[in-house]
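> Here you go, sequence then predicted model.
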Amino acid sequence: MWPFLSFPQLYDDVLELRIMHYLPENRELGYVPSYVYGIYERGNPEIIGIIDLRIGHNENTHFGGHIGYRIYEDYRGHGYAGRACHLLVPVALAHDMHTLRITCNPDNLASRRTIEKLGATLIEIANLPPHNEMYKRGEPVKCLFDWQIAPDDAQKEEE
C-alpha cells in the first residue's frame, strides 16, 4: 500500500483540519491516493466543510486538481477555503509536490476568487474530454490554476 503520512497538527488560529479518510489509489478509475480532511473552526465540534489533497499527477488531477474543497453554506464568506488550502501545504510538501493544480467551473466566482487569493496562476480554461467524469456530470469546462507553494505558504492567512 502507498505510504500515507500522519499530520496530527494542521491548524491555525481559526481553523483545524482533521483527517477523515485516506483514499488509496484506484488505477482503474484513474484516482491517485488522497487525504480527505474535515474542516472545523477551532473550538467548534461541528464540521464546516471538507477538503482533500490528491497526491500525484495524471489526467484526473490535470483537469480536476490536486485540491478539492467544499465549505458548507452556513459557513461561507469567511475565507475558510483559502485557509484550509494553506493548512494542506505541509502535506503536499512532504510528498514533494511544489505545484498544486486547483480547478473550478468558470461560473463558480467564489471558488475562483479563493484560488486567485492564494496567488495561483490561471493556466487555461479547458474543454474537458468527453470520457472525463466531470464532463459526464455536465461540467464540460474547467478553469485550471497552478499554485506554486513553499513552506512559508502554510503560515499565510486569507487577507
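Done, it's in. Bear in mind the structure is a predicted one, so any value in this text is a computation, not a measurement. Numbering: from 1, shown residues only.
> in stretch 33-52, what counts as buried?
For stretch 33-52, a neighbour-count test (16 or more other CB atoms under 10 Å) marks 33-41, 48-52 as buried. The way it works is simple: take the backbone N, C-alpha and C, and place the C-beta from them, glycine included.
> burial of Pro129, as a residue count?
When neighbours are defined as other CB atoms under 10 Å, Pro129 has 11 of them.
> For it, what are phi and psi?
Dihedral pair for Pro129: phi -70, psi 150, per degrees, to the nearest 10.
> Likewise for the one 3 residues further on?
Torsion angles at Asn132 (phi, psi; degrees, to the nearest 10) stand at phi -70, psi 140.
> and the closest residue to it other than its chain neighbours, what element?
Distance criterion CB to CB, 6 or more residues apart in numbering; nearest residue to Asn132, sequence neighbours excluded, is Phe63 at 6.0 Å. Assignment of secondary structure by DSSP states H and E places Phe63 within helix 59-64.
> In that helix, which residues are buried?
Neighbour counts over helix 59-64 (16+ other CB under 10 Å) mark 60-64 as buried.
> which helices and strands does it pack with?
The contact analysis (3 or more CB pairs under 8 Å, 6 or more residues apart in numbering; DSSP states H and E) places helix 59-64 against strand 47-54, strand 99-104, helix 133-136, strand 141-148.
> Let me have the ones you listed in a markdown table, adding distance to Leu88 and mean pLDDT as columns.
Converted to a markdown table, the helices and strands packed on helix 59-64 look like this (distance: least, CB to CB, whole Å; pLDDT from 0 to 100):
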| stretch | distance to Leu88 | mean pLDDT |
| --- | --- | --- |
| strand 47-54 | 5 | 98 |
| strand 99-104 | 8 | 98 |
| helix 133-136 | 21 | 94 |
| strand 141-148 | 10 | 98 |
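> The residue most central in space within the chain: what's it in contact with?
Nearest to the mean C-alpha position of the chain, counting by CA atoms, centre = their mean, stands Ile67 at 1.9 Å. Applying CB atoms under 8 Å, 6 or more residues apart in numbering, we find Ile67 in contact with 51-54, 85, 88, 100-102.
> Neighbour-wise, which one of those residues leads?
Cys85 (27 neighbours).
> Next up, phi/psi of that one, please.
With angles defined as degrees, to the nearest 10, Cys85 sits at phi -60, psi -50.
> For His57, see how far away it is.
As judged by CB to CB, to the nearest Å, Cys85 and His57 stand 18 Å apart.
> Ok, Ile102 next?
Taking CB to CB as the measure, Ile102 falls 14 Å from His57.
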